[in-house]
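>>> need coordinates for the below:
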Amino acid sequence: MESPNGGQSPLAAAIAALPSCALACIQAAMANSTCSPLDNACRCTNAAYNAQVSQCVLGSCTIREGLTTRNITAGICGVEPYVDHSAKGIFIAFTALTTIFVGLRFFARQARNVHVWWDDVMSFVGVVSVIALLGIMMNLYEIGMGSDMWSIKHENITRIFLLMWVAMFLYGVARTVSRVSIMLFYFRIFENTPGRRLRIAVLVLDVLSCSALILLVLFPCRPISHFWDRWDGEHEGTCLDFYGEAVGIGIKDIIVDVIIITLPLPWISKLNLNRKKKIMSCILFSVGLCVIIVSAGRIAVVDKFVHSTNPTVDMMDLAILSVVELSLGIICACLPSVKPLLNSQYVPFLKSTRATKDSATPKYYPEFRSGNSGQSGGTSQKKIRVTYSTTATDSNSADRDESPLVMHPHGPYVQLENMESRVGTPRTMNDGRHHQDPGVMPPRGAYMA
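Model prediction:
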């Protein structure tokens with residue numbers, strides 16, 4: 001069959017490019033078909049003919065020959081390959097959100113002059129892993145992820161599975177460090193509470209189990225290259241059961257997540273938290289539950305991917321849930337550290353609310369905040385730390401640390417446990433009369449904050 005200009009027609013060229021095993025299958029199917037040899041439209045729409053050809057190709061051709069046959073016949077029939085890149089926005093959005101929360105975590109440390117500790121370092125390692133994973137996802141899109149496998153170049157299919165192997169390693173690292181970050185945070189805030197041995201046991205168990213699973217991810221096959229070469233069925237090697245490994249990792253992750261989320265509940269339940277702190281605790285717990293739910297959904301998606309005949313399309317759901325799971329885990333680890341930024345200094349719309357709430361109770365007197373109170377002379381100025389509490393508090397409590405510092409023109413550095421115990425307390429003068437102690441009172445005309 002020749003084209004009018006003497007060359008070979010596109011249809012003839014496509015048929016000539018078919019593997020010999022596929023040509024034999026097509027000839028056998030045509031003999032049993034009611035379509036004429038030149039009626040391409042009939043053959044493309046005939047379900048019985050296409051089913052016979054497909055079954056024959058699967059049994060007679062190699063995987064590479066079968067994909068080539070599917071690509072050529074799809075072109076002859078005008079079938080466009082499936083391409084879905086809609087998840088790009090999800091990858092970028094969750095990676096950006098994770099980066100923002102980790103950045104806010106370090107900003108909060110700097111703003112409050114708190115030293116960076118190991119839990120912050122673990123979160124940083126986690127977000128670096130997520131950013132690297134985003135780069136891999138974008139590269140996977142460029143070489144065919146989200147597209148029908150038969151439409152992808154064979155060398156790109158190998159690269160897709162190679163990058164998938166790297167992505168699995170980054171997933172394991174990021175998932176591990178997010179949990180370690182939360183556990184180290186527990187060690188910091190519950191340093192002097194019971195249960196330290198339990199927290200150490202949970203941390204050691206998580207690190208050891210995750211390290212073992214990361215090693216399984218790094219060495220799933222013998223040789224290792226068989227992980228990304230075995231798709232064509234032409235390479236020799238052995239691999240672990242990917243489905244069993246992924247399900248085992250998923251179940252282990254869910255159990256550890258439940259333990260980590262519920263670990264501080266006995267201590268938190270004993271605290272007398274205000275409404276804002278209760279809301280923050282609920283948000284933290286809700287994000288942790290979302291991580292568990294996504295992990296459970298990921299197990300179901302693994303089964304679909306492992307038994308897929310079109311893995312370059314079906315791996316999309318697995319990739320999306322993996323990125324979402326990692327991002328939520330790191331954000332959950334950062335939420336307690338970001339909470340101090342939710343005040344009027346960093347969130348302007350809270351300023352009016354806080355000012356209204358605090359207007360009834362004076363917190364400090366500007367005249368006494370510096371060494372120069374406006375009074376002449378060389379009077380020594382010393383600090384008084386005032387805690388407006390009706391009950392005594394522990395010297396290490398957050399309320400004590402965040403209480404305002406005011407200056408008193410006379411007298412020593414005094415910690416006032418109870419403002420009411422100083423103001424309005426009668427004392428006896430030398431003449432036997434009772435005198436009302438003014439306590440710490442502002443001078444006339446002082447601004448009441």
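>>> tell me how many other residues surround residue 215.
Residues near residue 215, counting by other Cβ atoms under 10 Å, number 11. The C-beta positions use only the backbone N, C-alpha and C, and glycine is treated the same way.
>>> next one, pLDDT for it please.
The confidence metric pLDDT takes the value 89 at residue 215.
>>> tell me which helix or strand it sits in.
helix 196-218 (DSSP states H and E).
>>> poorly predicted segments of the protein, please.
In the prediction, the chain carries residues with pLDDT under 70 at positions 1-9, 192, 271-273, 275-278, 280, 343-449.
>>> recalculate using a threshold of 80.
1-12, 37-38, 189-195, 264-286, 339-449 (pLDDT under 80).
>>> domains of it?
Taking automatic domain parsing as the domain assignment, the record places the domains of the chain at 10-77, 88-341, 361-436.
>>> residue 259 against residue 199, yeah?
No: using Cβ atoms under 8 Å, residue 259 makes no contact with residue 199, being 10.3 Å away.
>>> so these two - more neighbours on which side?
Neighbours of residue 259 and residue 199, each counted by other Cβ under 10 Å, are more numerous for residue 199; the result is 18 against 15.
>>> quick one on the thing from earlier: point out the most buried one among the domains of the chain.
Across the domains of the chain, the average number of neighbours (mean count of other Cβ atoms under 10 Å) peaks for domain 88-341, which reaches a mean of 17.
>>> quote the end-to-end distance of that domain.
Distance between the two ends of domain 88-341: 31 Å, counting by Cα to Cα, to the nearest Å.
>>> now do the helices in the stretch 151-300 of the chain.
Defined through DSSP state H, counting those that start in this stretch, the helices belonging to the stretch 151-300 of the chain, from first to last, are 154-189, 196-218, 226-229, 242-262, 265-268, 275-306.
>>> what helices and strands are in contact with the longest one?
Helix 154-189 makes packing contacts with helix 118-143, helix 196-218, helix 226-229, helix 242-262, helix 311-338 when contacts are defined by 3 or more Cβ pairs under 8 Å, 6 or more residues apart in numbering; DSSP states H and E.
>>> closest to residue 171 out of the ones you listed?
Closest to residue 171 of the helices and strands packed on helix 154-189, according to Cβ to Cβ: helix 311-338, at 5.4 Å.
>>> surely residue 115 is within a helix?
No: judged by DSSP: H, G, I helix; E, B strand; the rest coil, residue 115 forms no part of a helix; its state is coil.
>>> list the contacts for it?
For residue 115, the set of contacting residues under the criterion of Cβ atoms under 8 Å, 6 or more residues apart in numbering consists of residue 109.
>>> how close does it get to residue 188?
Summarising the geometry, the distance separating residue 115 from residue 188, computed by Cβ to Cβ, to the nearest Å, is 11 Å.
>>> cool, and residue 56?
In this structure, residue 56 lies at 66 Å from residue 188, with Cβ to Cβ as the measure.
>>> now do residue 256
From residue 256 over to residue 188 the distance is 20 Å, taken as Cβ to Cβ.
>>> next: residue 11.
Here the distance between residue 11 and residue 188 works out to 71 Å (Cβ to Cβ).
>>> now swap in residue 237 and tell me
Applying Cβ to Cβ to residue 237 and residue 188 gives a distance of 46 Å.
>>> for residue 224, which non-adjacent residue is spatially closest?
For residue 224, the nearest residue in space outside its immediate sequence neighbours is residue 218; the separation is 7.7 Å by Cβ to Cβ, 6 or more residues apart in numbering.
>>> meant to ask about residue 49
The shortest distance from residue 49 to any non-neighbouring residue, by Cβ to Cβ, 6+ apart, is to residue 33 (4.6 Å).
>>> can you confirm residue 34 is in a helix?
No: according to three-state DSSP, the state of residue 34 is coil, so it is not within a helix.
>>> ok, it - contacts?
The neighbours of residue 34, taking Cβ under 8 Å, 6+ apart as the test, are 42, 46.
>>> over to it: give its phi and psi.
The phi/psi pair for residue 34 (degrees, to the nearest 10) reads phi -90, psi -10.
>>> looks like residue 170 contacts residue 131 (just checking).
No: the pair formed by residue 170 and residue 131 falls short of the contact definition of Cβ under 8 Å, at 9.6 Å.
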